[in-house]
Every structure is written in structure tokens, then in C-alpha cells.
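Asks: Provided below for reference: sequence and predicted model.
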Amino acid sequence: MEGDAPRNHDNADRKSTPVQDPSQEPAQNKQDQHDGDAHEEIDHDMARTDFGEDSASSTVGYKGVMSGGVGAEGKDGGKHQKMVITISALPTKKKPSIFVTSLLVYCSHFLTAWGDRMWTFAVGIFMVHITPDSLQLTAIYGLTMGTTVLLGGAIIGDWVDNSTRLRAAQLTIVLQNVLIILCAAVIYCFLMFKEELLDIGEWTRYVAYGLIILLASAANLATIANTIAVEKDWIVEICERDEEKLATMTATMRAIDLSTQILAPIVTGQVMEWSVENGAIFLSSWNAVSCIVEYFLLFKVYSTVPALMKRKDFRRPARAWQFFCFFFKSTSAFIPCSQSNGIIETNLDETSPLVSEGTGPRDGSHRKRKTCSESCRLLSGFTIIFEGWKTFASYKVWLTGLALAFLYMTVLGFDNITVGYAKIQGLSESMVGVCMGAAGLLGIFGSFMYPVVRRCVGLPRTGMIALTLQSAFLALCVVSVWLPGSPFDLENPDPPEKNCTNLTLIVPLDNGSQPLPIYQLTTPILTNFTCPETETSIISVSFLMTGIVLSRFGLWMADLAITQMFMETVVENERGVVNGVQNSLNQLMDMIKFGVVVALPLAPQFGLLIILSIGFVYSGWVLYAVFLCRVPRDLFSRGRQKKEYEVLVE
């Protein structure tokens, strides 16, 4: 009988030879001789899905597919069948082209990046129009944004890790756009009906301020969560963990980011020049339409990539929760913890079920819930933060993440601080615009060159080369401190009061995870007094701008290299928390930088800020060099990944 073939495979082969098509016998012999190579031919995701632990149920669907007398329906020989079934026997569905999938990803990323850049540019203008005589709202907004990212990075990353891929991506897209729409609606209503609202009472002003800050901060966290879910997790699975595909896709997405960073403020500025209120309506309409399109594109990508539909491994290594259980037992704030086959299971709250990955009892006896007090919930959040940082530091690439964060402690970027300083030194608006455009183009060029350089010298050395180029070009900025035209003077930083004006700059906050932090935080910065009748040489500021522009090439290459290192080394169920901690670390350095700028706000002190910035950039270079000396040679090799890939298929 056909169903008995798996139990006596050799006899079935001999008996079926006279009735088999002769053209198939060589193919079968070749398969028997090279059954070890079958893993390389079978699609990874299909192999994991169709030849899983439940081999009996997975082989039923192949009845009658194979030709000849070798059965494919047996229920007790699934493992042996897996070694002899050829590719032609699998009822595979034609996979979509990687080009089509990539195009869908790029379209979705463009819409997301464009909306983020428009909102980042517009929110600073909204703040000025809401409180034209004070920077208090702007300062509170920036401080709230920085604090929420610093404290919430690990928590939202942990949530992404413990959510299904489609749910995490689509929910964050919806939340991000809906919150921005609501925030823009509050801004529009306050600007349009300000007098009527204030007639009701002064308290309406503070209610509006609170709603704006709360909604904007929540939207920022949703944006970060979406970035972690899609750019740090989906992309790895879409590229099938292939290093070359991963480098190309991340570089293209970064080029899209830089392009929107240049173009989106231009479009938004034209709309808001017409009317600030109409600008709020435009942003709300854009996000409403964009939300629908992005939602559809993400679902389309999800449905065409089998690796994304594969169930995530929600298991946490036991080391990541030992402190968790010990802490709550010692404080009597009990959260039920159980252990099954070495996997510690934890119920973080009374509504979320435990995820069991062991083979223990499934009768629900170990899933009993106990009411958790509010203090317990609060402490669990702090525990997640603690364990998130601990998990981050457990990876060999953590030094590269610290090096990337050090790049956030710099004033050498095209933000409002640097632009204002350039204006004080005599550069025109058009020249500053040309410099910003050139920096953007060099960044895009560096993004496209990254896959080429990585292919030639490897991933770790690419990061080293990129940081070296950035550090070398930024040396021009240090030289500019002592060139003619530099106002650097620590002995007498106070300028004369005659015919001088006070310049106040507002730095807009970006919600992304880009490695140039200086344009990412909304904070009032007092720079200096400038005397209009005093002519200064532009030699110093020209060297400064040249160094900043040229350094963008190496900066974006370094960012891409470090990002890909985390993508390749961080395990699937910890990508969210690790990248969340990286965002928090970046924000911490960002806030330290702004504290230094507030402490040294005068133009004669700007040279000291340049020197401090260079010191942090060079420290990042040293940290990366230490990592490069310690990293195992095969950590990022194709051979290691291919071997793991084959073991996974088995």
C-alpha cells in the first residue's frame, strides 16, 4: 500500500522500479546521493513551515504529488521523507519578486518619512505661533520629548518584541497618524478660536498646551515603535537574512530619508506661508490619507513574505528575567513567574497571558493570574528598562552602539544652532541653503556607496573607514576655531553692548533615530549678541561649513554599518528592546549636548563647543576601534550565517 512506503522505503523503491518512468530514476538516485544538499534547495521559510515538528500533518498535503511508487502520505516517516523529497514534489506557490516587495517597502517608507519630516518642520512653527512672546511651551515640549524617549525606549521595544509583526507595525502606523491628526486639530482649534477659548477661562490655555504636548509625545513614541518594528525587524526577514540584500535595502531607505529631509520642509514651508491654520489642515489631511495607504502597503508586504508570517519566538533567555523575578519576590510585589524546561515565563500584567515555549502542561495550571497592584505595574516598567539595558550590553556589538550614541553629542550638524552661528559670522541665507543641500547630497551618495564598500572590505571595516573619514573631515572644524574671523575668546566672552542684538534660536525636534541629533530636539538656545556694523572674515566659518558638509559622507556610512551589525547579531526576540535602548542612549547623549549648549550659549564660546564635539566624535572612533580589535573574525561572515541557516532548516 502507498501508506506503507515510509516504513519500508528500500523495498518500496525496488518494487516500484518496473512501473516508474525511467526518466525519474536518475533524479531519485541523485537525490539519494546528495540528500544533504536538499536543505540548500528548499526555501527556508517553507521548510520551517511544512517540515516542522508536526511532520505527520505537514506531509498529508503532498499525497499524489510525487511520481512513481514512493509514497508521500505516510504519518510515521516524516523526517526520512524530508531528506528524499525533491523540489518538484513540493506544491510551492510562486514567490513574488524581491523587486516588487522592495518597491512596496520603499513606497511605505517614503510616506512615513515624508510625513515625519513635514510634522517635524511644522511643529516648531506651530509652537512659535501659539506662544509668540515666550519660549516656555517650546522648552517644555522639547524636554518632554527627550524624557519620554529616554525612559520609554526600552519599554516600547519590549512591547514590539512581544507583539506579532503585523499587529505591531499596523497598530503603530495607525497610532502615529491618528495622534498627529488629533494634535494638529487641537492646534488648529486653538489658533482659530484663541480669543473665545481664553474668554472661557485662562485654564483653557494650559489644557490646550497639555493636550498638544501629550499627543505629540505619544505620536513620537509611536513613530519610534514603528521604526523598530519595520526597519529593524521586518527588513531582516524580507532580505532573508542575506547580508548583501540587507545592505542594499537599508542604504536605499536611508537615501529616501535624506531626500525627504531636504524636500519635505520646502513643501511644508510653502503651505504654511499661505496660512498656519491651513497648514494644520493640510498636515491632518496628509496623515489621514497616508495612514490608509501605509496600512495597505504593510499588509501587502506581510502577505507576500512568508518569513514575516512565521510565528515569532517570544521566548526570553532566562538571564533576562532572573533579576525580574528576584526583585518582585524580594519586594512582595508579586508577578507570577513559572519555569518550564529552563524557560522562565512571566506575566507582566493581569491582562496579558503567559507565553509558554516549553513542553510543560497545557491545562492552564501555570497560567493562573494574580491581581497586580499599581506599584507593581510601575516597578515592572522600571524592571523592563533595567533588563533592557542589561540585554543591550550583553551583545558583542554594544560598543558600536555606544560609539553611535557619542555622535549625538555634537554641535557640528546643520541645525538651527549651526545655521544661526553661520549667520552671525556673515554667511547669507542662500549660502547656508547651498551648504545644507550639498550635505544632503553627500549623505545620499554615502548611502549608495555603502553597499559597494561593504562588499569590498566587509562590514566591520566599512564602519571603521566611515568613522575615520568623518573624523578626518571634522578636523577642519577644529582648525576653523583659530582662523581669521573666528570669535573664539574664552577670556572675554561678553561682547560689547553697543549696537548689538540678542539672537534666540529654536531647535526643532526630530522623532527619528538618525545619527545627527543636533537638529532633533526643540530647545531654546541663546547664542550671542552680534554687532551688524562689525565686518568679520568668513574664512573661519567657511572651514567650519566645509568640514561639516564633507563629514556627512562618512557619517551616514558609519550609521548604516552599525545599524546592520545590530540587525545581523541581535536575536529575533530581542530586536525591539535592544533598538529601544539604543534610541534611549542616543537621546541621553542628545540631552547632555543641549545642556552643554545652554551652559555655553555665547558665540565666543562656540569654539569650545566645537572642541567638545570633536572630542566625543573621536571617542566614538576609539570605541569602534576597540570593538574592531575584539570582534571575532567570523562574526559577520557568510559562512557562519549559512551554517545557522541550514541548521534552522533541519
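Replies: Happy to help now that I have it. Numbers count the residues shown, from 1 in each chain.

Asks: Tell me the confidence at the nearest residue to residue 192 once chain neighbours are set aside?
Replies: Closest residue to residue 192 apart from its sequence neighbours, by Cβ to Cβ, 6 or more residues apart in numbering: residue 277 at 5.8 Å. Placement of C-beta: from N, CA and C, glycine included. Note for residue 277: predicted pLDDT of 88.

Asks: In contact with residue 633, which residues?
Replies: Contacts for residue 633 (Cβ atoms under 8 Å, 6 or more residues apart in numbering) come out as none.

Asks: Assign it to helix, strand or coil.
Replies: Secondary structure for residue 633, judged by DSSP: H, G, I helix; E, B strand; the rest coil, is coil.

Asks: Now do the same for it: its pLDDT.
Replies: Reading off the confidence values, residue 633 has pLDDT 70.

Asks: pLDDT weak spots in the stretch 451-600 of the chain?
Replies: 491-536 (pLDDT under 70).

Asks: would you list every one of the helices in it?
Replies: 459-480, 539-569, 575-599 (DSSP state H, counting those that start in this stretch).

Asks: list the buried ones in the first one?
Replies: By neighbour count, and taking 16 or more other Cβ atoms under 10 Å as the criterion, the buried residues in helix 459-480 are 459-460, 462-467, 469-471, 473-474, 476-478, 480.

Asks: what packs against that helix?
Replies: helix 429-457, helix 539-569, helix 606-630 (3 or more Cβ pairs under 8 Å, 6 or more residues apart in numbering; DSSP states H and E).

Asks: and the angle from the second one to helix 575-599?
Replies: Inter-element angle recorded for helix 539-569 and helix 575-599: 160 degrees (by axes from the mean of the first three to the mean of the last three Cα atoms, to 10 degrees).

Asks: Show me what helix 539-569 is packed up against.
Replies: Counting by 3+ Cβ pairs under 8 Å, 6+ apart, helix 539-569 packs on helix 235-238, helix 243-274, helix 398-406, helix 416-424, helix 429-457, helix 459-480, helix 575-599.

Asks: got the buried residues for that helix?
Replies: Using 16+ other Cβ under 10 Å as the burial criterion, the residues of helix 539-569 that qualify are 540-569.

Asks: Find the nearest non-adjacent residue to residue 209, please.
Replies: In space, and not counting its chain neighbours, residue 209 is closest to residue 137: 5.7 Å by Cβ to Cβ, 6+ apart.

Asks: which element is the one you found on?
Replies: Using DSSP states H and E, residue 137 sits within helix 136-161.

Asks: Now the element after that helix, going C-ward?
Replies: Tracing the chain past helix 136-161, the next element assigned as helix or strand by DSSP H and E is helix 165-192.

Asks: Next, the angle from that following helix to helix 136-161.
Replies: Going by the same axes, to 10 degrees, helix 165-192 makes 170 degrees with helix 136-161.

Asks: Helix 165-192 - contacts with which helices or strands?
Replies: helix 98-130, helix 203-229, helix 276-304.

Asks: between the second one and helix 575-599, how big is the angle?
Replies: Per the same axes, to 10 degrees, the angle that helix 203-229 makes with helix 575-599 is 130 degrees.

Asks: how far off helix 276-304 does helix 203-229 point, in degrees?
Replies: With the same axes, to 10 degrees defining the directions, helix 203-229 sits at 30 degrees from helix 276-304.

Asks: Flag every buried residue along helix 203-229.
Replies: 204-205, 208-209, 211-229.

Asks: cool, and stretch 261-277?
Replies: Of the residues in stretch 261-277, 261-262, 264-265, 267-268, 271-272, 276 count as buried by neighbour count, 16+ other Cβ under 10 Å.

Asks: Any chance of the helices and strands packed on helix 165-192 in JSON lines with distance to residue 159 as columns?
Replies: Compiled in JSON lines, these are given as follows (distance: least, Cβ to Cβ, whole Å):
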{"stretch": "helix 98-130", "distance to residue 159": "19"}
{"stretch": "helix 203-229", "distance to residue 159": "7"}
{"stretch": "helix 276-304", "distance to residue 159": "18"}
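
Asks: and residue 148, which of those is closest to it?
Replies: Among the helices and strands packed on helix 165-192, the nearest to residue 148 by Cβ to Cβ is helix 203-229 (4.9 Å).

Asks: helices and strands around the closest one, which ones?
Replies: Judged by 3+ Cβ pairs under 8 Å, 6+ apart, the packing partners of helix 203-229 are helix 98-130, helix 136-161, helix 165-192, helix 194-200, helix 575-599.

Asks: Let me have those in a markdown table, adding mean neighbour count and distance to residue 296 as columns.
Replies: Compiled in a markdown table, the helices and strands packed on helix 203-229 are given as follows (neighbours: other Cβ atoms under 10 Å; distance: least, Cβ to Cβ, whole Å):
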| stretch | mean neighbour count | distance to residue 296 |
| --- | --- | --- |
| helix 98-130 | 20 | 9 |
| helix 136-161 | 22 | 21 |
| helix 165-192 | 21 | 10 |
| helix 194-200 | 12 | 38 |
| helix 575-599 | 22 | 24 |
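
Asks: For residue 628, find the nearest of those helices.
Replies: Evaluated over the helices and strands packed on helix 203-229, closeness to residue 628 peaks at helix 575-599, with 19.0 Å, by Cβ to Cβ.

Asks: elements contacting that closest one?
Replies: helix 136-161, helix 203-229, helix 374-393, helix 398-406, strand 523-530, helix 539-569, helix 606-630.

Asks: so where's the stretch 201-350 of the chain shaky on pLDDT?
Replies: For the stretch 201-350 of the chain, the stretches flagged by pLDDT under 70 are 313-350.

Asks: Could you break the protein into its assigned domains?
Replies: Per automatic domain parsing, the structural domains of the chain span 2-89, 98-310+397-489+497-640, 327-354+367-390.

Asks: wait, isn't residue 404 in contact with residue 564?
Replies: No. Using Cβ atoms under 8 Å, residue 404 makes no contact with residue 564, being 12.0 Å away.

Asks: between the helices and strands packed on helix 459-480, which one is nearest to residue 599?
Replies: For the helices and strands packed on helix 459-480, proximity to residue 599 was assessed by Cβ to Cβ; helix 606-630 is nearest, at 9.8 Å.

Asks: So what touches that closest one?
Replies: With Cβ under 8 Å, 6+ apart as the test, helix 606-630 has contacts from 396-397, 399-400, 402-407, 409-412, 421, 460-461, 463-464, 467-468, 470-471, 474-475, 477-478, 480-481, 486-488, 490, 527-528, 544, 589, 596-597, 600.

Asks: And it, what's buried?
Replies: Of the residues in helix 606-630, those buried (16+ other Cβ under 10 Å) are 606-610, 612-614, 616-618, 620-621, 623-624, 627.

Asks: Can I get the helices and strands packed on helix 459-480 in a markdown table including distance to residue 245?
Replies: Below are the helices and strands packed on helix 459-480 laid out as a markdown table (distance: least, Cβ to Cβ, whole Å):
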| stretch | distance to residue 245 |
| --- | --- |
| helix 429-457 | 10 |
| helix 539-569 | 11 |
| helix 606-630 | 24 |
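
Asks: Tell me which of those sits nearest to residue 386.
Replies: helix 539-569 (20.1 Å).

Asks: I'd say residue 212 and residue 184 touch.
Replies: No. The criterion here is Cβ under 8 Å, and residue 212 misses it with residue 184 at 9.5 Å.

Asks: returning to what we had before: out of the helices and strands packed on helix 165-192, which is closest to residue 387?
Replies: That would be helix 203-229 among the helices and strands packed on helix 165-192, by Cβ to Cβ, at 16.8 Å.
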